[in-house]
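> Provided below are the primary sequence and the corresponding predicted coordinates.
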Amino acid sequence: MPEPEIPTAESSVVRVVVVDDHAMFRRGVRAELEASGAGEVEVLAEAADVDEAVAAVARHRPDVVLLDVHLPGGGGVEVMRRGAADEVTTRYLALSVSDAAEDVIGTIRGGARGYVTKTITGPELVSAIRRVAEGDAVFSPRLAGFVLDAFAGTIEPAAIDEDLDRLTEREREVMRLIARGYAYKEVAKELFISIKTVETHMSSVLRKLQLSSRHELTRWASDRRLL
């Protein structure tokens, strides 16, 4: 009589919560995981902000949380901080449009096991989720360099944080896009805000960082490897 089959990590379904403040993106991720990860990944719930994410993690105790970096209510790091306080054993994989050094380093310091960008394919994302669930650290190739540089001392996270702490999360998003050469109209489209709001945020960024032009902002961001 054959021995009963014992489930392995490779055969078990990884239980996931998707956290992002854009509903269309959450639905897209769910659909992609259901198509590419059928039998491997199960999406238990979605959340749009920090409070919803913390509640979903506490309720479902997923294996992995796909976590956006910039969220209403304190950001992805706040979700992880509150989860750690509740002694939740869930692992976190950042899935973000941002590939800036300060976001990668700050998120990993906050407790994430990996960080991938939203250009990732469905099969690649399924693989990343499974690897994180099994305890591996997973990064998009370019982003791994940021983490290595931070630990090697090439990037000083404390200095980056001191400057960026002056900015709100939305101001950071505007700053990064403007520094990369985006026009105000393009920034507005990317962030789903008005051009007037972009102008207001830009004025605030320049004032807080004591800069006088887009050129100075680009140089400031480049010197800190934020582009």
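Here it is on my side, so go on. Numbering: from 1, shown residues only.
> Give the next helix or strand downstream of the helix or strand of the chain with the lowest mean pLDDT.
None of the helices or strands of the chain scores lower by mean pLDDT, DSSP states H and E than helix 157-164, at a mean of 59. Past helix 157-164, further along toward the C-terminus, the next helix or strand under DSSP states H and E is helix 169-179.
> Quick check: mean pLDDT of that next one?
When pLDDT is averaged along helix 169-179, the result is 86.
> can I have the next helix or strand after it written out in CSV, keeping just the CAs?
Sequence-wise, the next helix or strand downstream of helix 169-179 (DSSP H and E) is helix 184-191. What follows is the C-alpha trace of helix 184-191 in CSV, where atoms were taken according to Å, rounded to 0.1, in the frame of the first residue of the first chain:
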residue,chain,number,x,y,z
TYR,A,184,3.8,69.1,-15.1
LYS,A,185,1.1,67.7,-17.4
GLU,A,186,2.7,64.2,-17.5
VAL,A,187,3.1,64.2,-13.7
ALA,A,188,-0.6,65.1,-13.3
LYS,A,189,-1.5,62.2,-15.5
GLU,A,190,0.8,59.7,-13.8
LEU,A,191,-0.4,60.6,-10.3
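> Now do helix 184-191 against helix 169-179, angle only.
With axes from the mean of the first three to the mean of the last three C-alpha atoms, to 10 degrees applied, the angle from helix 184-191 to helix 169-179 works out at 130 degrees.
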